[in-house]
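K.L.:
Make a model of this:
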Amino acid sequence: MPNDALMVDLETMSTRTEAAIVSIGACMFDMHAGPEQEIAEHNRFLRRISLESNQAVGRHLDANTVIWWLQQSDEARRGLTDGDITNLKKALIELRMWFQHDTDCRPATCWANSPEFDISILRSANEAVDETWPVFFSLNRDVRTCGELAYPDARERKAVMKACRDATGEHHRADADAIAQALFVAHCIETLK
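P.N.:
Numbering: from 1, shown residues only. Below you'll find the model as predicted:
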């Protein structure tokens, strides 16, 4: 089976649709290959984005969300600022170019936890910088819905998700979260079979 499922995760400074995006993480994965699958380096994506470039196009910052970030681990906060930081428009173009040209396969589905949050914000951000989010809405899939179908018991579902997160590294780093969510979906699909 191809790596034709795209998982997207955002770290933002608001919960509104016009939220400032401080990092974008994504991966291409095979939702039928099980949770033990390796996600190749070229099928992983991470960009950190400057708040200034968000502010320049009117993206929203929320005090409560900023305070929430200040209460997260040092590792999670460093994940927003360590390494290269780019502007919003460049990051969005690079994301699109990455999954349309640089991965094993174009997306047949686009997953997020949940699309109402991540994908809505991506669409809005693309509009703000005069770009277009190229994934048709009918391809959107919800990690939470998949998880509830596979694991109706909330405690069991949380334990499986925790195991997937523990296998990928730090929490609240967009690329690690995207990979953990991808492995969780693959785990759920395997369970549902």
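K.L.:
Tell me, how many residues neighbour Glu41?
P.N.:
Other residues near Glu41 number 6, with proximity taken as other Cβ atoms under 10 Å. Glycine gets a C-beta too; all of them are placed from N, C-alpha and C.
K.L.:
then the lowest-mean-pLDDT helix or strand in the chain to PDB, C-alphas only?
P.N.:
When each helix and strand of the chain is scored by mean pLDDT, DSSP states H and E, helix 74-81 comes last, with a mean of 81. Taking Å, rounded to 0.1, in the frame of the first residue of the first chain, the C-alpha atoms of helix 74-81 are listed here in PDB:
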ATOM      1  CA  ASP A  74      10.600  23.600  28.400                       C
ATOM      2  CA  GLU A  75      11.100  21.100  25.600                       C
ATOM      3  CA  ALA A  76       7.600  22.000  24.100                       C
ATOM      4  CA  ARG A  77       8.300  25.700  24.300                       C
ATOM      5  CA  ARG A  78      11.800  25.300  22.700                       C
ATOM      6  CA  GLY A  79      10.100  23.400  19.900                       C
ATOM      7  CA  LEU A  80       8.500  26.600  18.800                       C
ATOM      8  CA  THR A  81      11.600  28.700  18.700                       C
END
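K.L.:
Arg165 contacts Ala180, doesn't it?
P.N.:
Yes - using Cβ atoms under 8 Å, Arg165 makes contact with Ala180 at a distance of 4.4 Å.
K.L.:
Between the two, point out the one with more neighbours.
P.N.:
Neighbour count, other Cβ under 10 Å: between Arg165 and Ala180, Ala180 has more, with 29 against 19.
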